[in-house]
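**Q** The sequence and its predicted three-dimensional model are supplied below.
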4 protein chains.
Amino acid sequence: MVKPNAGLAGELMSTSEPSSSNDAVRVVVAGTGRIGAMHARDLARRVPGARLVGVFDVHAPAAEAVAAELDVPAVASLDDLLALDADAVAICTSTDTHVDVMVAAAEAGRAIFCEKPISLSLAEVDHGLGAVEAAGVPLQIGFNRRFDPSHRAVAEAVAAGDVGEVAICTITSRDPAPPPVDYIKVSGGLFNDMTIHDFDMARFVTGSEVVEVFAKGAVKVDPAIGEAGDIDTAVVLMTHANGAITTINNSRQATYGYDQRVEVFGSGGMAASDNTHEANTTVATAAGYGRPPLQNFFLERYAQSYLDQWVAFVGAVSTGTPPPVTGADGRAPLVIGLAAKRSLETGAPVLVADVQ
Amino acid sequence: MVKPNAGLAGELMSTSEPSSSNDAVRVVVAGTGRIGAMHARDLARRVPGARLVGVFDVHAPAAEAVAAELDVPAVASLDDLLALDADAVAICTSTDTHVDVMVAAAEAGRAIFCEKPISLSLAEVDHGLGAVEAAGVPLQIGFNRRFDPSHRAVAEAVAAGDVGEVAICTITSRDPAPPPVDYIKVSGGLFNDMTIHDFDMARFVTGSEVVEVFAKGAVKVDPAIGEAGDIDTAVVLMTHANGAITTINNSRQATYGYDQRVEVFGSGGMAASDNTHEANTTVATAAGYGRPPLQNFFLERYAQSYLDQWVAFVGAVSTGTPPPVTGADGRAPLVIGLAAKRSLETGAPVLVADVQ
Amino acid sequence: MVKPNAGLAGELMSTSEPSSSNDAVRVVVAGTGRIGAMHARDLARRVPGARLVGVFDVHAPAAEAVAAELDVPAVASLDDLLALDADAVAICTSTDTHVDVMVAAAEAGRAIFCEKPISLSLAEVDHGLGAVEAAGVPLQIGFNRRFDPSHRAVAEAVAAGDVGEVAICTITSRDPAPPPVDYIKVSGGLFNDMTIHDFDMARFVTGSEVVEVFAKGAVKVDPAIGEAGDIDTAVVLMTHANGAITTINNSRQATYGYDQRVEVFGSGGMAASDNTHEANTTVATAAGYGRPPLQNFFLERYAQSYLDQWVAFVGAVSTGTPPPVTGADGRAPLVIGLAAKRSLETGAPVLVADVQ
Amino acid sequence: MVKPNAGLAGELMSTSEPSSSNDAVRVVVAGTGRIGAMHARDLARRVPGARLVGVFDVHAPAAEAVAAELDVPAVASLDDLLALDADAVAICTSTDTHVDVMVAAAEAGRAIFCEKPISLSLAEVDHGLGAVEAAGVPLQIGFNRRFDPSHRAVAEAVAAGDVGEVAICTITSRDPAPPPVDYIKVSGGLFNDMTIHDFDMARFVTGSEVVEVFAKGAVKVDPAIGEAGDIDTAVVLMTHANGAITTINNSRQATYGYDQRVEVFGSGGMAASDNTHEANTTVATAAGYGRPPLQNFFLERYAQSYLDQWVAFVGAVSTGTPPPVTGADGRAPLVIGLAAKRSLETGAPVLVADVQ
């Protein structure tokens, strides 16, 4: 059994100065779309102990623009990327290619950082993780929210025993606006695309595996999402191995901003993370007290976490310790998502063991 | 179909001066235990337009003490109480006698205020409500939390359309400490004793009936509660007629106080009530910012709501308008509770229609 | 030198049941205007260990209405009131008569509760306090805000050393709306009518006397207040004997409600009280997060403090211990107010010692 | 008369991608200490439309390290720096050299960004501003806090009329820990080193000049600061031209973190900025609710403002519009600081006009 929050220990701090020393961890980035470009910039400029040494994208101009901006080479193929003198590969390509890159990178002996989800196919996931295990290379999955200072402080309070024995966990996770329907169609569905972060969070903050899932969904935001075969609103009730019960509530659209809250309640008390507003300002008039909407969207809200996950990865690679978010941590939420999907279809609770 | 928040309309305000005019609504109180004595005091001293004219309790000294304090007669029997020249009866006796008093009061032509739950038996409930309907007397059920200014403002925001179409409702309801196990044994179980308020709240704030219930429970607070055949921790997921989904989470013990929060989320935004602390004071030191625990317990936290429900009842009786919390509002949460209990036993979701 | 917060020690709690036992402290109320009637009701119904035994008002119908409501005698003169068999007198008459009643009550051997301010004339104050001292009767001044749970928790944190050595105190005290200009004309001016509570609060929470005052005022709310010779906006900077510096800011009109905050900062940290809103409810939409205005006005905001000051007074009288808000506590804010007034007129800081 | 918040108009947003186009504003940085290095990094990496083209420091290794990190030339002298092909100079040298660099940069026709304070000598300030005016080059002073999203939203609410006519402004500004006493000795004193930001903020958020200053100070944090001839605690009361009254309270040490709050109150209501905590997390136990200390220190708390002031400067330079924080804005707080110092020494209020 994995220990979900094994990687929590240790103080992870980001600083503003990347290393240019010879013992820096050299990273190449595969896939320079929005998230890959962000990682490349952080690696080039902001992650201490890291050095960006090359980028690749199937769409060459995308890689070349990032390369020019960051003064690193853009190469023409994945093979070329893996031929560069590097310690690690960041896999930021489209989800359906993650496992192929993972296998190639593992065989090339590179430490691997892989964006979530590893794959929408459990068989593929197992294929990739098998290659990683065979190669014995470090692997970290991009569940960045574990590194958000506010959520992480919840997990730390739980781990420190402040909350006592965990009984109830409540996760609120609502996007400010839905993605284009074209994206929804290829997203793998709400559970694999959006709730997957919350499935991971539930394991992370409670420190216990999920054994049963009951899911309800609805189309409340946009009928076109329903027509595309997906839902835009969901509530999931999960039972953990330790008897704790988690509920997750999701919506593709919260008018007031990006709503991200985690609350863990137990015999000793409660730990809860709250949101950040656009400005920490209140205006009071005869109509009452007003505050601006929430910070919006994830690149802004979770900027620190994206950086801190790299600090953790680089620290693990450079010290030879296991990265904090493991392959098993990447696999588990996919299984929970499959269970949620089956529950939604059948209307009945589903044992996670039945969809493994 | 009842309209759960039909009684919300109108401005209900409590004032500090009871009426002594001849057109006051004259009320007798049956049952002067903790809650009945509180109602008697409010009626005698704080509810404008009301006048307390007599009390009764099967334990005579209890009634006599309240009578002496408030300078009203204590009578020796229920018959004597109903023989007093009064407009209304407050039923605050033990739950298993509610329906008997209700039937007698209805036959005596009295307006009726009945504490929750009406009865633990659905047949009994229907018997009582039938008598009330036959007599054509006004009836209000003691779901006082509907009158709490904070929760009520949530319901009003929903009714005003601020939240848009309701999608998700989250109710957190945790007691500061469990009652004695002896009480638990006769309480009817967590769902009927504690969650019943939350079942009502879900109907009240969403304005929609519950159609399906899925419940999970655990014994996390005290093993003796489990030995008594009950649970002390529960999470309930309910689907409403309008497609909204409500989750309720309960615990018999929150170390940090009496935790009572309601949140309704929809296409237009969110409305949420929060708790009151013992003092509105923050102390900040090198260790961080600290605030005192929550106000504790219901007599204090919900004092205003107890008063305001009387204001609403007296207003309805004196103007001949229907009281805001109806017999149907009293019945529905019992049915939901039965569904929750069956779900807990079977591990499967239960349709409310199947337990009617 | 007085010790301003001497009365803080001890747990003061209000309960809902007044005493009818023979050893209750019997109180008569002189003056049954708005504040006197409130005290009478609290004494008759809500203060444990107290018993209201008579009321008087120069306007007889006012006393008779309260007497009828509370079932106590209304007497025809102050002499008659002091002739009643009572332990204590509550002086709630108009400010210019306080000292006359105080002297008569002291000579009659009654414990005295006196509303603030004792008098607008320092000579009168000294005359009254001299009579009290000569008679050796207990005296408590009605600075109720010391008993507000939130402000009191600030004072307690300071007294407990949580804040370390006090350096800076900030008091925000703004009324929701100005009183009628006719009232302003006889009020003694902003400093004696409104700021007097804040002068007391500064001494109470810092535990140190004020030695210098610098005051600035303005007419910002209503020109008619200026025409009446008063100001409606003020900021006062005060230096304490221990070197701490307090600022008070006042306005006769805060559109968003009754704004009452106290903050004490020192070498160890900070303690601060905050306001209570009409409802503890947030509504979030695309426009941002909204909360209702503040609780409004003092009878509501400070209801608990009015009650708790009686609990303290009754406790002191019945146990023979000194009441917690002394005559010196009543005198000091008047002197500070005189210094503030002189500072406002001269434009220079004024030593408190120079206006004694 | 300057209009303090003239630069507020327009939406200032930072983005993550600096410009490499030919029409970028080319900036050289003079002085690469802590603040200069930060500006250099922001200009090189994060300010859209800006390009860093060279750095200089009297301590050559400091400039060379920054130059190597950012891949720009480090030059050997100020003359060499001004000889580089650039549009603008950032003056981040020691305060006593600001004016010399300013004059040289003005004569070289460069747009100028100058860190605060311009100089501790008013004559020097006027000399520098005269040179700027004679050369007709743009000048912006580094009062970064005007660009903090939370404080700026206060100023915007005031400018939008939400607060009505401004009556009272309260600025709380407390450092987490004092600087070394050696620094204090050359700092120019608390008012010029620390309060200067608050003097600027008062002008910025109220939109009105300061006409009178009354200041009180104390040594509460460290006796060594007193021995060095400075204070570590101060309260300043200022009267504005429009009759509004501002109080500023400062301490060199707040145990709970970097406390930065601004509140403006007026006839229409109140606008207030609040602090950011280390994490947005609450832990509730039987001891109460706890939150972590405040974000600490200014490089972190004000990171966004440092960036946004560059965005404003670059925008102004590239469009030929006046920069938002003018030379007059840089001069005014120095004059207020001189008045505060004289008030502290004399114990009397001081007219700003008397120290011009």
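**A** Yep, that arrived.

**Q** ok, for the residue most central in space within chain A, nearest residue in space, not its chain neighbours?
**A** In chain A, the centroid-proximal residue (C-alpha atoms, centre = their mean) is residue A:143; its distance is 2.4 Å. Using C-beta to C-beta, 6 or more residues apart in numbering or on different chains and skipping residues adjacent in sequence, the residue nearest residue A:143 is residue A:200, 4.6 Å away. To be clear about C-beta, it is placed using only N, CA and C from the backbone, and glycine gets the same treatment.

**Q** so the one you found makes contact with residue A:145?
**A** Yes - Residue A:200 is in contact with residue A:145 according to C-beta atoms under 8 Å; the separation is 7.3 Å.

**Q** hmm, back to that, pretty sure the residue nearest to residue A:143 belongs to a helix, no?
**A** Yes - counting by DSSP: H, G, I helix; E, B strand; the rest coil, residue A:200 falls inside a helix.

**Q** What about it, how many residues nearby?
**A** Number of residues near residue A:200 (other C-beta atoms under 10 Å in any protein chain shown) recorded here: 25.

**Q** ok, so what distance separates it from chain D?
**A** Counting by C-beta to the nearest C-beta, to the nearest Å, the gap from residue A:200 to chain D is 18 Å.

**Q** Tell me who's in contact with that residue.
**A** Neighbouring residues of residue A:200 by C-beta atoms under 8 Å, 6 or more residues apart in numbering or on different chains: A:116, A:143, A:145-146, A:329, A:332-333.

**Q** where does chain A come near chain D, residue by residue?
**A** Neighbours of chain D within chain A, by C-beta under 8 Å from any C-beta of the partner chain: A:16-17, A:20, A:38, A:41, A:45, A:68-69, A:71, A:149-154, A:157, A:162-163, A:268-276, A:278-286, A:292.

**Q** Mind doing that once more with 7 Å?
**A** A:16, A:41, A:45, A:71, A:149-150, A:153-154, A:157, A:162, A:268-276, A:278-286, A:292 (C-beta under 7 Å from any C-beta of the partner chain).

**Q** Drop anything exposed from those.
**A** Taking 16 or more other C-beta atoms under 10 Å in any protein chain shown as the criterion, what is buried in these is A:41, A:45, A:149-150, A:153-154, A:157, A:162, A:268-276, A:278-285, A:292.

**Q** hey, where'd the strands end up in the stretch 51-200 of chain A?
**A** Per DSSP state E, counting those that start in this stretch, the stretch 51-200 of chain A carries strands over the ranges A:88-91, A:111-114, A:139-141, A:166-174.

**Q** how about the ones you listed in CSV, adding distance to residue C:89, mean neighbour count and mean pLDDT?
**A** As requested, the strands of the stretch 51-200 of chain A are exported to CSV (distance: least, C-beta to C-beta, whole Å; neighbours: other C-beta atoms under 10 Å in any protein chain shown; pLDDT from 0 to 100):
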stretch, distance to residue C:89, mean neighbour count, mean pLDDT
strand A:88-91, 81, 28, 98
strand A:111-114, 79, 26, 98
strand A:139-141, 76, 27, 98
strand A:166-174, 55, 25, 98
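
**Q** which stretch among those strands comes nearest residue C:188?
**A** strand A:166-174 (53.2 Å; C-beta to C-beta).

**Q** Next, see if the closest one gets close to chain B.
**A** Yes - applying C-beta under 7 Å from any C-beta, one finds strand A:166-174 in contact with chain B at A:167-168, A:170.

**Q** which residues sit against that strand?
**A** Contact with strand A:166-174 is made by A:158, A:197-198, A:201-202, A:205-206, A:242, A:244-251, A:254, A:259-267, B:170, B:218, B:220, B:233, B:235, B:249, B:251, as judged by C-beta atoms under 7 Å, 6 or more residues apart in numbering or on different chains.

**Q** quick one: strands adjacent to that strand?
**A** strand A:245-251 (parallel), strand A:259-266 (antiparallel) (DSSP bridges).

**Q** how far out from the middle of the chain is that strand?
**A** Centroid displacement of strand A:166-174 relative to its chain, using C-alpha atoms, centre = their mean, to the nearest Å, is 17 Å.

**Q** Chain neighbours aside, what residue packs nearest to the residue in the stretch 51-200 of chain A positioned nearest to chain B?
**A** Scanning the stretch 51-200 of chain A for the residue nearest chain B gives residue A:167, at 4.4 Å (criterion: C-beta to the nearest C-beta). Distances taken as C-beta to C-beta, 6+ apart place residue B:220 nearest to residue A:167, at 4.4 Å, with adjacent residues excluded.

**Q** Give me the nearest residue to residue A:165, chain neighbours excluded.
**A** Distance criterion C-beta to C-beta, 6+ apart; nearest residue to residue A:165, sequence neighbours excluded, is residue A:267 at 4.6 Å.

**Q** Tell me who's in contact with that neighbour.
**A** Contacts of residue A:267 (C-beta under 7 Å, 6+ apart): A:164-165, A:167, B:220.

**Q** give me that answer again for 8 Å
**A** With C-beta under 8 Å, 6+ apart, residue A:267 has these contacts: A:163-165, A:167, B:220-221, B:253, B:255.

**Q** How about residue A:53?
**A** Going by C-beta under 8 Å, 6+ apart, residue A:53 touches A:26-28, A:72-73, A:84-86.

**Q** What pairs with the strand or helix carrying residue A:270, parallel or antiparallel?
**A** For residue A:270, the host element (DSSP states H and E) is strand A:269-273. Here strand A:269-273 is paired, per DSSP bridges, with strand A:259-266 (antiparallel), strand D:281-285 (antiparallel).

**Q** Following the chain past the last one, name the next helix or strand.
**A** Which is strand D:281-285. Sequence-wise, the next helix or strand downstream of strand D:281-285 (DSSP H and E) is strand D:288-291.

**Q** For that next one, C-alpha coordinates in PDB please.
**A** C-alpha atoms of strand D:288-291 as PDB (Å, rounded to 0.1, in the frame of the first residue of the first chain):
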ATOM      1  CA  GLY D 288      -9.600  27.900  19.000                       C
ATOM      2  CA  TYR D 289      -8.900  28.800  15.400                       C
ATOM      3  CA  GLY D 290      -5.400  29.400  14.300                       C
ATOM      4  CA  ARG D 291      -3.900  30.900  11.100                       C
END
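
**Q** so for it, what's the average pLDDT?
**A** Mean pLDDT, computed over strand D:288-291, is 98.

**Q** So what touches that strand?
**A** With C-beta under 8 Å, 6+ apart, strand D:288-291 has contacts from B:256, B:277, B:287-293, D:277, D:281-284.

**Q** Show me which of the residues you listed is closest to residue C:319.
**A** For those, the residue nearest residue C:319 by C-beta to C-beta is residue B:292; the value is 27.3 Å.

**Q** In this structure that closest one contacts residue B:276, no?
**A** No - counting by C-beta under 8 Å, residue B:292 stays clear of residue B:276, with 10.5 Å between them.

**Q** who are the neighbours in contact with residue A:276?
**A** A:294-295, A:301, D:276, D:280.

**Q** hmm, try it at 7 Å
**A** Under the criterion of C-beta under 7 Å, 6+ apart, the neighbours of residue A:276 are A:294-295, A:301, D:280.

**Q** So which of those residues are in helices?
**A** Judged by DSSP state H, helices contain the following of the contacts of residue A:276: residue A:301.

**Q** Closest one of the contacts of residue A:276 to chain B?
**A** Chain B has its nearest neighbour among these in residue A:294, at 10.6 Å by C-beta to the nearest C-beta.

**Q** Distance check, residue A:67 against chain D.
**A** 12 Å.

**Q** Which residue lies closest in space to that residue, excluding its sequence neighbours?
**A** Of all residues beyond its chain neighbours, the one nearest residue A:67 is residue A:74 (3.6 Å), with distances taken as C-beta to C-beta, 6+ apart.

**Q** now that neighbour, which residues is it bridged with?
**A** residue A:55.

**Q** ok, so of the contacts of residue A:267, who is nearest residue B:120?
**A** For the contacts of residue A:267, the residue nearest residue B:120 by C-beta to C-beta is residue B:221; the value is 22.4 Å.

**Q** What separation do you get for the closest one and chain A?
**A** Distance from residue B:221 to chain A, by C-beta to the nearest C-beta: 7 Å.
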